[in-house]
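Peer 1: I'd like to go over a predicted model; first the sequence, then the structure.
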Amino acid sequence: MNTQCFRRLTSTVAQRRSMTTLDWSKPIFKSDTEMIAKINTFRAWVATADTMAEQYSAPPAPIDFSAVKEKVRAKDLVENLEKFYATAQPPAETYVWDSADKAEKNAIGGGSKSGSGKGCLGYGFLQGTPRSS
């Protein structure tokens, strides 16, 4: 399978969050061993991403410095860390997708969306319709 085609498929699927709408039992997803391996890798990645999103969606639990002080010999080190923790106000990190990069990626994936709408190999991955040639 063409690597560029696979990347386009995975990025499109990931962007649309359409994992739930894909019918993984379609024959196209069982066509050859390379395709099956890449699809399984992609599905594992999505599962890991979903798990991590759930895990890190809530703010972290507060640190119990008193319990740590009892277990550590260098209590002054723990006190310094506690003072730093109490006074530090790091800015939140946010990721904004660069508009030029976004336009470039949309242009790359645009060929599979326009025309037949059947994807990079002529198969309708999201529609479930095989090519008619």
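Peer 2: Thanks, I have it. Residues are numbered from 1 along each chain as shown.
Peer 1: which helix is the longest one in this protein?
Peer 2: The longest helix of the chain (DSSP state H) is helix 33-55.
Peer 1: Tell me the helices and strands packed up against that one.
Peer 2: If you count contacts as 3 or more Cβ pairs under 8 Å, 6 or more residues apart in numbering; DSSP states H and E, helix 33-55 packs onto helix 3-16. Quick note: C-beta positions are derived from backbone N, CA and C, even for glycine.
Peer 1: for the helix it packs on, what is the average pLDDT?
Peer 2: For helix 3-16, mean pLDDT rounds to 55.
Peer 1: now could you export just the CA positions of the strand or helix carrying residue 67 as PDB?
Peer 2: Using DSSP states H and E, residue 67 sits within helix 65-71. Coordinates of each C-alpha in helix 65-71 appear next as PDB, following Å, rounded to 0.1, in the frame of the first residue of the first chain:
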ATOM      1  CA  PHE A  65       4.300  17.300  50.700                       C
ATOM      2  CA  SER A  66       4.000  16.300  54.400                       C
ATOM      3  CA  ALA A  67       3.800  12.600  53.500                       C
ATOM      4  CA  VAL A  68       6.900  13.000  51.300                       C
ATOM      5  CA  LYS A  69       8.800  14.700  54.100                       C
ATOM      6  CA  GLU A  70       8.400  11.700  56.300                       C
ATOM      7  CA  LYS A  71       9.900   9.400  53.700                       C
END
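Peer 1: ok, residues contacting that helix?
Peer 2: Residues outside helix 65-71 that contact it (Cβ atoms under 8 Å, 6 or more residues apart in numbering): 75, 78-79, 81-82, 85.
Peer 1: same thing but 7 Å
Peer 2: Helix 65-71 is contacted from outside by 75, 78, 82, using Cβ atoms under 7 Å, 6 or more residues apart in numbering.
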